[in-house]
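Chemist: Pasting a predicted model and its sequence here:
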Amino acid sequence: MNTMTYKGYLGSVAYSEKDQVFFGKIEGINGLVNFEGESVKELTEAFHEAVDDYLAYCEDEGIEPDKSYTGVLNVRLTPAIHRQIAMLALQAGLSINAYIKDALEEKVEMASAK
């Protein structure tokens, strides 16, 4: 998926061949905000305007702009990987949950550093 970022917000981007327009939506917010443009420049400007307008609306209405997450995540694994994680967690003296949490935090930190 193609994305763009502005002020810490992520916009997903796609292209409609039929309509010959780029379009997208702001991800990870408490609402549905779309934007579009006929060129990359127009799309970028529309995305920035959409984020700015959304943030202004949230401020005016006293709404939290960011979508809230519970922190609970159900991950499906193969039985072989589940076993390997269980053994690695045991060796590390951690619960499976703590082991996976640490591994994901490390992966996210590495991605954020790029």
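Modeler: Perfect, thanks for sending it.

Chemist: Can you list the buried residues in the longest helix along the chain?
Modeler: Using DSSP state H to define each element, the chain has its longest helix at helix 40-61. Within helix 40-61, the residues that qualify as buried are 43-44, 46-48, 50-51, 54, 58, counting by 16 or more other Cβ atoms under 10 Å. Where C-beta positions appear, they are placed from N, C-alpha and C, glycine not excepted.

Chemist: CA-only coordinates of stretch 68-77, as CSV, when you get a sec.
Modeler: Extracted as CSV, the C-alpha positions of stretch 68-77 are listed here (Å, rounded to 0.1, in the frame of the first residue of the first chain):
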residue,chain,number,x,y,z
SER,A,68,-7.7,4.5,20.5
TYR,A,69,-6.3,1.0,20.6
THR,A,70,-6.9,-1.5,23.4
GLY,A,71,-3.4,-2.9,23.4
VAL,A,72,-4.8,-6.4,23.0
LEU,A,73,-3.8,-8.1,19.8
ASN,A,74,-4.6,-11.6,18.7
VAL,A,75,-1.8,-13.1,16.5
ARG,A,76,-2.2,-16.3,14.6
LEU,A,77,0.9,-18.4,14.2
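
Chemist: And the contacts of that stretch?
Modeler: 30, 85, 100 (Cβ atoms under 8 Å, 6 or more residues apart in numbering).

Chemist: same question for stretch 86-104, mean pLDDT?
Modeler: For stretch 86-104, mean pLDDT is 95.

Chemist: Touching it from outside, list them.
Modeler: Against stretch 86-104 from outside (Cβ under 8 Å, 6+ apart): 75, 85.

Chemist: quick one on the thing from earlier: counting neighbours, which of the contacts of stretch 68-77 end up buried?
Modeler: Buried among the contacts of stretch 68-77 by 16+ other Cβ under 10 Å: 85, 100.

Chemist: Poorly predicted segments of this protein, please.
Modeler: Across the chain, the ranges flagged by pLDDT under 70 are 1.
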